[in-house]
Every structure is written in C-alpha cells, then in structure tokens.
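> Here is the input, now give the coordinates:
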Amino acid sequence: IHLESAHPYVRALTGSFGGPQDDKPGGGPIERCEEPLYSFTQAVGSSDYPAMRVHVLQHAAFEGLAAITPWLAARNATISTTRFFENPALPPPRNFDLIIAMGGPMSANDEASLPWLIDEKRFIREAVQYGVPVLGVCLGAQLIASALGGRVYRNRQKEIGWFPIEAVSSSDNAFVFPAKLQVFHWHGETFDLPPGAIRLARSAATPNQAFQVGRRTLALQFHLEATPDSVKAFIDNSDDNELQPEAFVQNASDMLATPAASYAEVNAWLVRALDYLTDPLPHP
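Numbering: from 1, shown residues only. Below is the predicted model of the structure:
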C-alpha cells in the first residue's frame with residue numbers, strides 16, 4: 001500500500017532523499033544513484049513530538065506499514081521508502097531516526113537471484129552499528145538476523161494465521177512481552193539468534209519469534225502491525241499451496257473473522273515496542 005492512502009493523517013509529497021556518501025566501515029560504499037529515487041511523505045500529527053526521519057525497506061507492494069502508519073503520523077514523521085520491487089537504491093543509514101524493515105515473500109538467502117539483498121543487509125548492519133533504531137518485521141527480522149551473523153533457514157513447519165507467542169525474557173535490559181499474546185504470523189522460514197542477541201519470544205511452531213540487539217534493534221517474526229486490510233492483502237496475494245491445511249496454518253475464513261479486539265491488542269503492543277525502540281535513553 002502507498003502511505004498517501006494508508007491513513008487519513010498522511011499527505012504525500014515528492015522529492016529525493018539525499019545525503020553525503022556513506023562508506024561501509026572497512027569496505028566499499030553502498031551503491032546509490034544521483035537521481036531522486038526516494039519518494040517521501042510527511043506524516044502530519046501531534047506537535048508534541050519532534051519531527052522524526054524514518055526510512056522504510058519495503059519488499060512487496062501489498063505489504064505496507066499498516067498500523068505503524070498512525071504511530072508515525074503522531075510523531076510528525078518524514079517517511080522515505082526504498083521499494084525494492086521498483087528500485088533497490090539505498091540512502092545513507094545514519095540519516096535517520098528509525099529504520100523499518102518490512103516483510104516479503106522472498107528468502108533472506110536469495111542473494112543470487114536478488115543481489116540487492118547484499119546491500120540491504122549491509123545497510124541494516126551499518127544502521128545497527130551507528131545506533132540507529134531498527135525494527136524488523138517477518139522477513140525484516142530474518143534480514144536483521146542474517147546481517148548480524150545469524151542463520152536463516154526453512155522452519156520445521158509453516159506458521160500462518162493467529163497463534164500465540166510466549167515471552168521468554170524478563171531482563172531489565174530488554175523489551176518484555178506479555179506471558180502470552182495472540183499475534184498474526186505469515187512465514188515459512190526462521191532464524192538462529194545472531195551473536196549478542198536476547199531472545200524475547202517463542203511459539204509452539206517457532207523457537208525464535210523475537211529478539212533484541214542492544215537497546216535499539218528489535219526483530220519480530222510476527223506482525224504486530226496487522227490490520228483487517230493487511231491480513232486480507234496477505235490472503236489475496238497468497239498462492240493455493242500456502243494455505244493447505246497444516247498444524248499451524250489457519251484457513252482464510254478464520255483469519256478474516258478475527259475480532260477487532262485481537263487487532264487492538266497487537267496494535268497496542270506495536271506502539272509499546274516502537275516507543276521502547278525510539279524513546280531517548282535514560283541518562284546515568
């Protein structure tokens with residue numbers, strides 16, 4: 001979905017997102033084009049927050065920000081987007097206050113057929129190194145894991161639909177999920193935790209559902225941003241094989257019948273996660 005139609009408080013602007021050339025530490029620069037490739041929107045929201053610069057990594061046209069959009073609007077976010085299905089050029093990661101890596105149907109391992117994944121992982125790795133807050137959703141979480149040294153591979157079984165996750169961390173130094181939370185899933189792969197990561201959640205089908213690296217990186221295998229429209233978009237863009245009956249595959253009609261209270265609950269936890277990720281660190 002396009003940001004300009006995703007939320008009534010978002011109006012579209014056009015332009016370019018430029019900045020100084022930003023070399024990879026210890027290596028070559030991320031390739032960029034001099035043409036204005038980055039469309040951006042200004043989210044018009046509350047003046048209680050300073051303007052936030054956000055870059056979105058979007059891998060599929062049907063998989064947009066969904067319930068993340070009103071949170072960004074409330075924070076006066078200027079949102080630029082790399083749409084890899086149109087043009088994979090990337091801006092300097094340190095230009096931003098938040099980077100959001102969304103999901104997509106490809107694998108994090110598809111570098112041979114999708115060579116832009118190499119640059120995207122380097123972009124994510126640099127953002128983490130610079131201390132830029134990074135949120136990864138589904139494929140985005142797998143890309144964070146891969147970029148930081150974790151392995152991504154096929155899960156024992158697909159996990160599609162509404163199934164519970166369980167919190168596994170109560171550390172004072174990490175984000176804490178509730179003991180059990182019903183969330184929306186759509187994935188067939190999983191990941192090992194990268195070095196130094198704290199595991200935050202698991203499910204019956206997937207041992208590693210969420211992790212944190214440092215204070216500014218959150219990787220979520222599931223979709224707290226889910227809305228009725230975004231769930232319908234997943235279903236409409238799925239193939240016949242994806243929704244074949246399995247232990248952790250919900251049928252389309254059950255997914256679409258999910259009550260509003262379930263969306264409200266996951267969206268509330270999305271707000272908590274984004275606030276945690278972007279709030280100023282306490283001073284010693």
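
> My read is that Thr206 contacts Leu220, right?
No. The pair Thr206 / Leu220 is not scored as a contact, 11.6 Å apart, by CB atoms under 8 Å. Where C-beta positions appear, they are placed from N, C-alpha and C, glycine not excepted.

> next one: stretch 152-167 to chain centre, how far?
How far stretch 152-167 lies from its chain's middle: 16 Å, per CA atoms, centre = their mean, to the nearest Å.

> Quick one: the helices in the chain, in order.
In the chain, the segments counted as helices under DSSP state H are 3-6, 68-74, 116-130, 139-147, 228-236, 252-256, 260-278.

> which of these sits most buried?
helix 139-147 (a mean of 27; mean count of other CB atoms under 10 Å).

> In the stretch 51-200 of the chain, mark out all the strands, start to finish.
52-58, 77-83, 98-101, 134-137, 152-167, 180-191, 198-202 (DSSP state E, counting those that start in this stretch).

> Output those in JSON lines, with distance to Asn237 appended to each entry.
Converted to JSON lines, the strands of the stretch 51-200 of the chain look like this (distance: least, CB to CB, whole Å):
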{"stretch": "strand 52-58", "distance to Asn237": "14"}
{"stretch": "strand 77-83", "distance to Asn237": "15"}
{"stretch": "strand 98-101", "distance to Asn237": "19"}
{"stretch": "strand 134-137", "distance to Asn237": "16"}
{"stretch": "strand 152-167", "distance to Asn237": "13"}
{"stretch": "strand 180-191", "distance to Asn237": "10"}
{"stretch": "strand 198-202", "distance to Asn237": "26"}
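
> Deepest-packed of these, please.
Comparing those by mean neighbour count (mean count of other CB under 10 Å), strand 134-137 ranks first with a mean of 28.

> Sheet-wise, list the partners of it with their directions.
strand 98-101 (parallel), strand 217-220 (parallel) (DSSP bridges).

> What's the local residue count around the nearest residue to Thr227 once chain neighbours are set aside?
In this structure, Thr227 finds its nearest non-sequential neighbour in Ala66, 4.7 Å apart by CB to CB, 6 or more residues apart in numbering. Residues near Ala66, counting by other CB atoms under 10 Å, number 25.

> Read off the pLDDT value for Ala66.
In this model, Ala66 is scored at 98, pLDDT.

> Touching, it and Ala226? I think so.
Yes. Between Ala66 and Ala226 a contact is recorded at 6.4 Å, counting by CB under 8 Å.

> returning to that earlier point: could I get the strands of the stretch 51-200 of the chain as CSV with distance to Pro245 and mean pLDDT?
Shown next, in CSV, are the strands of the stretch 51-200 of the chain (distance: least, CB to CB, whole Å; pLDDT from 0 to 100):
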stretch, distance to Pro245, mean pLDDT
strand 52-58, 31, 97
strand 77-83, 34, 98
strand 98-101, 31, 98
strand 134-137, 26, 98
strand 152-167, 11, 98
strand 180-191, 15, 98
strand 198-202, 23, 97
